[in-house]
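Asks: Got a predicted model here, sequence first, then my questions.
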Amino acid sequence: MQLPVYLDYAASTPVDPAVAALMNDCLGRRALAANPAALGHAAGRAAQALVEKARAQVAALVNAQPAEIIFTSGATESDNLAVIGTAQFRETRGRHLVTALTEHKAVIESCRHLAARGWRITWLRPDADGLIAPAAVEAALEPDTVLVSLMHVNNETGVILDVGAIGAICRRHDVLLHVDAAQSAGREVIDVRAQQIDLLSLSAHKLYGPKGVGALFIDQERVRRVAPLLFGGGQERGLRPGTVATHQVAGMGEAFRLAAERLPDEAQHVRALRDRLWAGLQQLPGILLNGHVGQRSGHILNVSVAGVEGESLFYSLGGLCVASGSACTSLSNEASPVLRALGRPVALAQSSIRFSFGRASTAAEIDFAVGCVVQAVAHLRSFSPVSVAGG
Ligand SMILES: *Cc1c(COP(=O)(O)O)cnc(C)c1O
């Protein structure tokens, strides 16, 4: 077992060796060095063929058409383009959006950017389990609502929203639905047609692909167009100008192809690890599960530990690469806003740990992690005057 044990797959995943090999090949072969927009010569056409192959592979994972996939620099850019681009393009129809307090910062900050420029935003608050009922989305719609933006699988808790039911509601009210699927792609089944999703954000590095590349699905018939955020050449249907990074995009395509092939096996693998982790951690008094017990994806387990100080807990887990809800470890300097939105008090939001696992994770690593946490908590509680019940 390699130390520290990597249990932070929700933050980023290692690049699959097959993906790395393909990317290396792209970078190393002179024949593929051309600009994929240089269709006047054979080298350009070879590069373009690789890009188009990747576009089809990405589309296939979510049941989209290849022409509906725009390559971007990652899910952050896809979220920005979906939220701001749609709002700007549909401005004359209305200036109201619906989203949630538990969204990724890429959606939250895009909405705040719009709010500062006159758009109205309804911020849905999830229930204590992190769920947002489709009926709550419907109740938030107004005559001038143009977009609902909600994530499929939450990156902190792993909770799964019923995007299909939300999609049906949005269609009924003729409102567009954007879904951030950075965590769910390759882990849960996504079908943009069956789930009636109009825009979908994807990231390569959350799914064993390279960092710095992602995609946005844009439904050809329902959306047709969004306002671009960047201006330049006409690449990616003019929505995302700039030379397409052949090796990055090819790597993403291969990663998504592998993910499609392995989805059922991998879902089962991570679910078994998660259940083993939770069974092991439950021996600790004062441990709480964050997020709905049943409606969640298998690759994330988020817990809070009552009666220990979050920062001390996090720093006593040096043998593990995990994420923490404590303010000191986040860029935002506040205790996890997602757990706060679920109604967790500051102390419990601070003492949360997010474990996330994937393809290479093993039962031995999970058992090691349980041992680390049990030992750290026992040690901290041996000095701590705070009672477990006090939280
Ligand atoms: C990681 C993540 C993002 C950002 O993706 P990048 O490709 O790193 O920009 C957006 N949304 C969710 C839910 C994520 O987990």
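Replies: Done, it's in. Numbers count the residues shown, from 1 in each chain.
Asks: And the pLDDT at the nearest residue to Gln195 once chain neighbours are set aside?
Replies: In this structure, Gln195 finds its nearest non-sequential neighbour in Gly164, 4.2 Å apart by Cβ to Cβ, 6 or more residues apart in numbering. The way it works is simple: take the backbone N, C-alpha and C, and place the C-beta from them, glycine included. On pLDDT, Gly164 comes in at 98.
Asks: now swap in Val388 and tell me
Replies: Value for Val388, per-residue pLDDT: 53.
Asks: follow-up on the earlier one: what about the residue nearest to Gln195, how many residues nearby?
Replies: Counted by other Cβ atoms under 10 Å, the residues lying close to Gly164 total 14.
Asks: same thing with Arg30?
Replies: Around Arg30 there are 7 residues (other Cβ under 10 Å).
Asks: Phi and psi next, for it.
Replies: Per-residue torsions, Arg30: phi -60, psi -40 (degrees, to the nearest 10).
Asks: quick thing: my sequence starts at 40, can you match it?
Replies: Let's use 40 as the start, then, which means that last one is Arg69.
Asks: Give the helix, strand or coil label for the closest residue to it other than its chain neighbours.
Replies: Spatial nearest neighbour of Arg69, excluding adjacent residues (Cβ to Cβ, 6+ apart): Ala82 at 7.9 Å. Following DSSP: H, G, I helix; E, B strand; the rest coil, we place Ala82 in the helix state.
Asks: isn't Ala82 right next to Ala76, touching?
Replies: No. Assessed by Cβ atoms under 8 Å, Ala82 is found out of contact with Ala76, at 11.8 Å.
Asks: mind checking pLDDT for the closest residue to the ligand within the chain?
Replies: Nearest residue of the chain to the ligand, counting by Cβ to the nearest ligand atom: Gly113, 2.7 Å away. Turning to Gly113, the model gives it a pLDDT of 98.
Asks: Tell me how far it lies from Gly253.
Replies: 4 Å (Cβ to Cβ, to the nearest Å).
Asks: And the host helix or strand of Arg301, what does it pack against?
Replies: Using DSSP states H and E, Arg301 falls within helix 285-320. The contact analysis (3 or more Cβ pairs under 8 Å, 6 or more residues apart in numbering; DSSP states H and E) places helix 285-320 against helix 56-67, helix 81-100, strand 339-344, helix 402-422.
Asks: what comes into contact with stretch 374-381?
Replies: Residues from elsewhere that reach stretch 374-381, judged by Cβ atoms under 8 Å, 6 or more residues apart in numbering: 139-141, 164-169, 193, 195-196, 329-330, 341, 343, 349, 364-366, 369, 373, 383, 385, 387-389, 391.
Asks: Do you have the helices of the stretch 140-289 of the chain handy? List them.
Replies: Using DSSP state H, counting those that start in this stretch, the helices of the stretch 140-289 of the chain run over residues 144-154, 173-179, 202-211, 285-320.
Asks: Throw the ones you listed into JSON lines and include distance to the ligand, thanks.
Replies: Formatted as JSON lines, the helices of the stretch 140-289 of the chain follow (distance: least, Cβ to the nearest ligand atom, whole Å):
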{"stretch": "helix 144-154", "distance to the ligand": "5"}
{"stretch": "helix 173-179", "distance to the ligand": "18"}
{"stretch": "helix 202-211", "distance to the ligand": "13"}
{"stretch": "helix 285-320", "distance to the ligand": "10"}
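Asks: So in terms of bridging, what pairs with the closest residue to Val187 other than its chain neighbours?
Replies: In this structure, Val187 finds its nearest non-sequential neighbour in Val137, 4.5 Å apart by Cβ to Cβ, 6+ apart. Beta-bridge pairing for Val137 (DSSP bridges): Thr161, Val187.
Asks: what about Val137, neighbour count?
Replies: 27.
Asks: does it really touch Ala178, like I thought?
Replies: No. Assessed by Cβ under 8 Å, Val137 is found out of contact with Ala178, at 9.8 Å.
Asks: Return the residues of the stretch 140-289 of the chain in contact with the ligand.
Replies: Proximity of the stretch 140-289 of the chain to the ligand (Cβ under 6 Å from any ligand atom) is limited to residues His143, Ala145, Met190, Asn194, Asp219, Ala221, Gln222, Ser242, His244, Lys245, Gly253.
Asks: Inside strands: which ones of these?
Replies: Residues of these located in strands (DSSP state E): Met190, Asp219, Ser242, Gly253.
Asks: Most widely separated two among those?
Replies: With Cβ to Cβ as the measure, no two of those lie farther apart than Met190 and Gly253, at 14.2 Å.
Asks: Look up how far Ile160 lies from the residue nearest to Val187.
Replies: 8 Å.
Asks: One more: Ala126?
Replies: Ala126 is 10 Å from Ile160, by Cβ to Cβ.
Asks: So the residue nearest to Arg279 when sequence neighbours are not counted, which state does it fall into?
Replies: Among residues not flanking Arg279 along the chain, Ile109 sits closest, at 5.3 Å (Cβ to Cβ, 6+ apart). Under three-state DSSP, the three-state class of Ile109 is strand.
Asks: Counting neighbours, which of the contacts of stretch 374-381 end up buried?
Replies: The neighbour-count test (16 or more other Cβ atoms under 10 Å) marks 139, 141, 165, 168-169, 193, 195-196, 329-330, 341, 343, 349, 364-366, 383, 385, 387-389, 391 as buried among the contacts of stretch 374-381.
Asks: Just the residues you listed: which are in strands?
Replies: Ala139, Asn341, Ser343, Ser391.
Asks: ok, of those residues, which one's closest to Val58?
Replies: Distances from Val58 to those, taken by Cβ to Cβ, are shortest for Asn341, at 27.8 Å.
Asks: Much appreciated, bye for now.
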